[in-house]
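Trainee: build the 3D model from these lines:
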Amino acid sequence: MPDYFDYAKGYSSAANLLIKSVLDAEGLEYSVDQFIYPICFNMRHSIELRLKGVVSFLEKISKHREALEDFDLKASHDLGRIWCYIKRESIKLDKRFVFFVTVLDQRLFDVSSVDPTGQTFRYPVDRNNSKHLVEVSIINVSNLYRKFSSLECILDNFEVFCDELVREYDFETHTTKLSRAELLSIAEDIPRRDDWGSEKFKIFKKDTMLNYGLSSNDFNRAVAKIESHYGASPVLDSPSLKYIDISILHAFFEAWCYKSDIVNTRNDKFKEPEVWGFESSNDFLDVMRREAEKDKVVWGILEGAISIEGLVGLLALYDCHGSGYSEEYLKYLDYNERDLLVNVEEGSPGHQYKVLKLVSKPRAGEFILRAIFLLGHHALAEEIIGTHNLAGCFDWLDKARSRELFIEPYKSILAKTLQSCSLG
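Mentor: Numbers count the residues shown, from 1 in each chain. Just a heads-up that it's a prediction; the model follows:
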């Protein structure tokens, strides 16, 4: 079902199409004086719809934090009022909104000062029969196009940002007082567990409560969230990986390294597999025979080492490797539990097929190793790297160790927006 943003894109696309037609024709085929009204009306209406779309996102986020103040969104067309409402309510919900409020405030003020309620470019006079635009004699169409393109790009990023925060809040990694980002910021500075009874921890607790306006109970709830979160703190142990132990991982990586020959191809930085070309059916059969022989060796390594439950754990790691959220690991665990624990019998041909299918994926080991880093089990990852001689196989290892590889999704959106602002 189309939402506010779908409608907004329609109006902005129409405005851009009109203004581009005018510019391309250099005013000879299409009159700027006539086209400027539908161009500006469509631009302004697109902005209004986008802001109303933001309010719909705020309503979703508020279910996790605090209720929004009442606002008659459908009846209001006043950009200034809608924007003031967004500024006030968004920052109350999550301080990360300050970024977009700062970036957009002057830009939206400029638009609302020319056409506050959507009437200026719709009718020649207002409801009091006073003429519109008496103080605006010339509108530079080229400059308008550039400014609107920049604003549209920022508003597009604002929509993506809001959508990402809704997704983030749905993971429930927050408290009534703290967002996920604030929890992770606290986790970065939390002392080691051995220090929790020390003066160092008391100072940390006092400073955290003061900085975030927390009670002692609020602080305790925050610490409990941090402890239960995979990869939250560089100095606290992450929760255990379900169905996974070191023997399962060693067996898997021994088989995968043999199957993929990753150690001998490390200098290729692990390219995607090439498409085989065969000059005859005999060539094809030879390759299939070699692969079948490899599978026999692989299954000899894995038979009895990876149970159905162990396979569930491995697949959950494989599935969540590219996620921006460690919380998704539990979602993939649940999915694979419901699929494999119910439908596949231990030791059956289906069990063997599923295990061999995973090991045969060219990047399975890489993805599983990346997920182990994502989930905060760095010591486990380093043991796998050392035991299976993988240190030079992946060019992302240093970034995984420093956690630079796992940038929170909202930060990428903010960085993209800053780039848009500099270009605009």
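Trainee: ranges for the strands of this structure?
Mentor: Remark: strands of the chain are absent; assignment by DSSP state E.
Trainee: so where is it shaky, pLDDT-wise?
Mentor: Per-residue confidence for the chain (pLDDT under 70) gives these ranges: 27-28, 125-126, 128, 130, 132-137, 263-285, 287, 422-424.
Trainee: can you list the domains in it?
Mentor: What automatic domain parsing lists as the domains of the chain is 4-170, 180-227, 246-410.
Trainee: now residue 350: how far from residue 356?
Mentor: To residue 356, residue 350 is 11 Å away according to Cβ to Cβ, to the nearest Å. All C-beta atoms are positioned from the backbone trio N, CA, C, and that covers glycine.
Trainee: between these two, tell me which one has more neighbours.
Mentor: Neighbour count, other Cβ atoms under 10 Å: between residue 350 and residue 356, residue 356 has more, with 16 against 13.
Trainee: tell me who's in contact with the nearest residue to the more buried one once chain neighbours are set aside.
Mentor: Residue nearest to residue 356 in three dimensions, not counting chain neighbours: residue 295, with 5.7 Å by Cβ to Cβ, 6 or more residues apart in numbering. Listed by Cβ atoms under 8 Å, 6 or more residues apart in numbering, the contact set of residue 295 reads 259, 356, 360.
Trainee: can you give me the neighbour number for the first one?
Mentor: The burial metric for residue 259, expressed as a neighbour count using other Cβ under 10 Å, is 21.
Trainee: I'd say it and residue 357 touch.
Mentor: No. Look at residue 259 against residue 357 with Cβ atoms under 8 Å: they stay out of range, at 11.3 Å.
Trainee: redo the contacts of residue 295 as a markdown table? Include distance to residue 313.
Mentor: Converted to a markdown table, these look like this (distance: Cβ to Cβ, whole Å):
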| residue | distance to residue 313 |
| --- | --- |
| 259 | 19 |
| 356 | 17 |
| 360 | 18 |
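Trainee: next one: the residue nearest to residue 356 relative to residue 365, how far apart?
Mentor: Distance from residue 295 to residue 365, by Cβ to Cβ: 16 Å.
Trainee: where does the residue nearest to residue 228 when sequence neighbours are not counted fall, phi/psi-wise?
Mentor: Computed as Cβ to Cβ, 6+ apart, the closest residue to residue 228 that is not its neighbour in sequence is residue 239, at 6.3 Å. Dihedral angles of residue 239 (phi, psi; degrees, to the nearest 10) stand at phi -60, psi 160.
Trainee: any idea how far residue 239 lies from residue 321?
Mentor: 18 Å.
Trainee: and residue 142, by the same measure?
Mentor: The gap separating residue 142 from residue 321 is 46 Å, by Cβ to Cβ.
Trainee: of the two, who's got more company?
Mentor: residue 321 (20 against 10).
Trainee: so the more buried one sits against residue 364, correct?
Mentor: No. With contact defined as Cβ under 8 Å, residue 321 does not count as touching residue 364 (9.5 Å).
Trainee: wait, residue 235 sits on residue 191?
Mentor: Yes. Judged on Cβ under 8 Å, residue 235 makes contact with residue 191 at a distance of 7.2 Å.
Trainee: and residue 5, what does it touch?
Mentor: The contact partners of residue 5, by Cβ under 8 Å, 6+ apart, come to 49, 50, 53, 159.
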